[in-house]
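Chemist: just the structure for this:
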Amino acid sequence: MSRVASNPILLPDGVELKVEGKRVTASGKMGELSYAVHELVRLVDEEGAITFIPEDESKEAKALSGTMRALLYNICLLYTSPSPRD
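Modeler: Numbering: from 1, shown residues only. Prediction:
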């Protein structure tokens, strides 16, 4: 597993996460955004701690698990605080 993917995401206050199959939707006070998790990555939700696990031991699956974790983490941060440009 990638070093990035091994760290769970703890959802900040005010962020709601919906998981429907491979589609993840994050919503908060700043809006809503959804994206599809890659087929080589499995999303596990354990009481507010989200982890991404590769479906197999391939190098691509391990890399994508870290990428998917980083994307969701950035989405959660986006919807909890306004952009510094605002």
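
Chemist: beta partners for Glu20?
Modeler: Beta-bridge partners recorded for Glu20 (DSSP bridges): Arg23.

Chemist: for it, give me the pLDDT.
Modeler: Glu20 is assigned 91 on the pLDDT scale.

Chemist: what is the neighbour count of it?
Modeler: 8 (other Cβ atoms under 10 Å). C-betas here are computed from N, CA, C, even on glycine.

Chemist: try the one 5 residues further on
Modeler: Residues near Thr25, counting by other Cβ under 10 Å, number 14.

Chemist: tell me which helix or strand the residue nearest to it when sequence neighbours are not counted sits in.
Modeler: Using Cβ to Cβ, 6 or more residues apart in numbering and skipping residues adjacent in sequence, the residue nearest Thr25 is Ser34, 3.9 Å away. Secondary structure from DSSP states H and E places Ser34 in strand 31-36.

Chemist: tell me which residues are up against that strand.
Modeler: With contact meaning Cβ atoms under 8 Å, 6 or more residues apart in numbering, strand 31-36 is reached by Lys22, Arg23, Val24, Thr25, Ala26, Ser27, Leu71, Leu72, Ile75, Leu78, Tyr79.

Chemist: same question, stretch 15-23
Modeler: With Cβ under 8 Å, 6+ apart, stretch 15-23 has contacts from 11, 24-28, 34-39, 43, 45, 50, 76, 79-80.

Chemist: and the helix or strand where Leu17 lies, which residues are buried?
Modeler: According to DSSP H and E, Leu17 maps onto strand 16-20. Neighbour-count burial for strand 16-20 flags Leu17 (criterion: 16 or more other Cβ atoms under 10 Å).

Chemist: tell me how far it lies from the chain's centre.
Modeler: In terms of Cα atoms, centre = their mean, to the nearest Å, the gap separating the centre of strand 16-20 from the centre of its chain is 10 Å.
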